[in-house]
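K.L.:
let me see the structure of the following:
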Amino acid sequence: MIAVIDIGTNTFHLLIAKIVDEENYQIVFRESIFVRIAKDGIDPISPKSLERAINTLSHFVKTMESYEITHLRVVGTEALRSASNGHELIELAKNQLGLSIEIITGEEEARLIFEGTAHAIPAYKSPYLIMDIGGGSVEFILANSGKIIWWGSYKIGVQYLFLQYHKDPFPVESVDALKMELNTILADLKQQIEKHKPTRLVGSSGSFETLASLAELSNDENYVVIPTNHFDEIFKNIVSSSHNDRLENPSIPDDRAELIVIGFLLVEHILSLFNAEEIIVSAYALREGLLYSNEKYGKINTAYSKVT
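P.N.:
Predicted structure coming up:
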């Protein structure tokens, strides 16, 4: 069996899969734990956050002991790309747990997100925009007919923006300030959207999963479809809510109650840039992309290190 660990700025993910053949896997276990390693700031990662991270990785290692794992890949994203002491987590994971963490680039992260979502959503024949909202960064991928047209990775993750803009409830002046910043940072994305004219927004990550829960939509497939006008209704209710209101909402996980307003403001801003017919929430993202990469099994095999 193969295991992958995705070390995100907010959430750590473990995925274990059985090898079916060279290009197919059967997922037998998945777990996501909200660690929030940038809770006290992204640079440096605080001692308490490092402790939470190692405790979570230790839990994953113990979980893997129940499976016959032959190969493992552990990847880190924006938090480890940016933090000046990211090497401390890498060294602790190696020395205490025997885990080798690979820090992937924003480009590789975007490619893997594309690969993951491609195995969850229909093969659309018109351009669409993928948006993956992380704690440290947000990745955008413009795609069409199974191919990447353009990608971008931006340091505007929900934890970054939360530390900068957090107030409860979110005041109008903060919304305006955030929109101005996003207009500046995402100017090239806007140009690409105007050039390629996507018709759908495909979302992956905890913010979009919470959106699907709030929309009260379920589907046996690996994706759900949310009309944009339904999002507008949900957005207005969430942005005007207090933290306590959100904690009492059964559709919002407690660990998302603080950050979901920022996440939805990001989505609302992107939807203002083009006329999306609908929002597609993908159940698959980076971690599934690590499994369903377009690399052949032999190449993937060498990219994993055996668990000892």
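K.L.:
so, low pLDDT: which residues of the stretch 51-200 of the chain?
P.N.:
Counting by pLDDT under 70, the stretch 51-200 of the chain shows no low-confidence range.
K.L.:
which parts of it are strands?
P.N.:
71-76, 101-103, 128-133, 138-144, 147-154, 200-204 (DSSP state E, counting those that start in this stretch).
K.L.:
same list (the ones you listed) but as TSV, adding distance to E288 and mean neighbour count.
P.N.:
The C-beta positions use only the backbone N, C-alpha and C, and glycine is treated the same way. Converted to TSV, those look like this (distance: least, CB to CB, whole Å; neighbours: other CB atoms under 10 Å):
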stretch	distance to E288	mean neighbour count
strand 71-76	13	22
strand 101-103	17	17
strand 128-133	12	25
strand 138-144	14	22
strand 147-154	16	17
strand 200-204	9	26
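K.L.:
so which of these is nearest F162?
P.N.:
F162 lies closest, by CB to CB, to one member of those: strand 128-133, at 11.9 Å.
K.L.:
next, the angle strand 200-204 makes with the closest one.
P.N.:
30 degrees (axes from the mean of the first three to the mean of the last three CA atoms, to 10 degrees).
K.L.:
quick one: strand 128-133 to chain centroid distance?
P.N.:
10 Å (CA atoms, centre = their mean, to the nearest Å).
K.L.:
domain parsing of this protein, as residue ranges.
P.N.:
2-106+287-303, 120-283 (automatic domain parsing).
K.L.:
got the contact list for the residue nearest to the spatial centre of the chain?
P.N.:
Nearest to the geometric centre of the chain sits S205, at 3.9 Å (CA atoms, centre = their mean). S205 is in contact with 132-134, 263, 285, counting by CB atoms under 8 Å, 6 or more residues apart in numbering.
K.L.:
any idea how far the nearest residue to G41 once chain neighbours are set aside lies from D43?
P.N.:
Nearest non-adjacent residue to G41, counting by CB to CB, 6 or more residues apart in numbering: L163, 6.8 Å away. Separation of L163 from D43 (CB to CB, to the nearest Å) stands at 11 Å.
K.L.:
show me the contacts for the residue nearest to F114 when sequence neighbours are not counted.
P.N.:
Nearest in space to F114, with sequence neighbours left out and distances taken as CB to CB, 6+ apart, is I141 at 4.9 Å. By CB under 8 Å, 6+ apart, I141 lies in contact with 110, 113-114, 129-130, 132, 148, 150-151.
K.L.:
pull the most distant pair out of the residues you listed.
P.N.:
D132 and W150 (14.6 Å).
K.L.:
now the strands for the stretch 201-308 of the chain?
P.N.:
Under DSSP E, counting those that start in this stretch, the stretch 201-308 of the chain gives strands at 223-227, 278-282.
K.L.:
distance from the first one to the middle of the chain?
P.N.:
When you say that, I think you mean strand 223-227. Taking CA atoms, centre = their mean, one finds the center of strand 223-227 at 17 Å from the center of the full chain.
K.L.:
how about that strand: buried residues?
P.N.:
223-226 (16 or more other CB atoms under 10 Å).
K.L.:
out of those residues, who's nearest S174?
P.N.:
I226 (25.5 Å).
K.L.:
identify the residues contacting that closest one.
P.N.:
I226 makes contact with 211-212, 215, 217, 278-281 under the criterion CB under 8 Å, 6+ apart.
K.L.:
possible to save the contacts of I141 as a markdown table with distance to I185?
P.N.:
Listed next are those as a markdown table, based on distance: CB to CB, whole Å:
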| residue | distance to I185 |
| --- | --- |
| A110 | 16 |
| I113 | 19 |
| F114 | 21 |
| L129 | 16 |
| I130 | 18 |
| D132 | 16 |
| I148 | 21 |
| W150 | 16 |
| W151 | 15 |
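K.L.:
E68: which of the residues you listed is nearest?
P.N.:
Nearest member of the contacts of I141 to E68, counting by CB to CB, is I113, at 28.5 Å.
K.L.:
pretty sure the closest one sits against E288.
P.N.:
No. Counting by CB atoms under 8 Å, I113 stays clear of E288, with 9.2 Å between them.
K.L.:
with distance to M1 and pLDDT added, can I get the buried residues of strand 223-227 in TSV?
P.N.:
TSV is the format used below for those (distance: CB to CB, whole Å; pLDDT from 0 to 100):
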residue	distance to M1	pLDDT
Y223	25	93
V224	29	93
V225	32	94
I226	34	94
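K.L.:
from H196, how far out is Q159?
P.N.:
For Q159, the distance to H196 equals 29 Å [CB to CB].
K.L.:
could you check which of these two is surrounded by more residues?
P.N.:
Neighbours were counted for Q159 and for H196 using other CB atoms under 10 Å; Q159 has more, 25 against 17.
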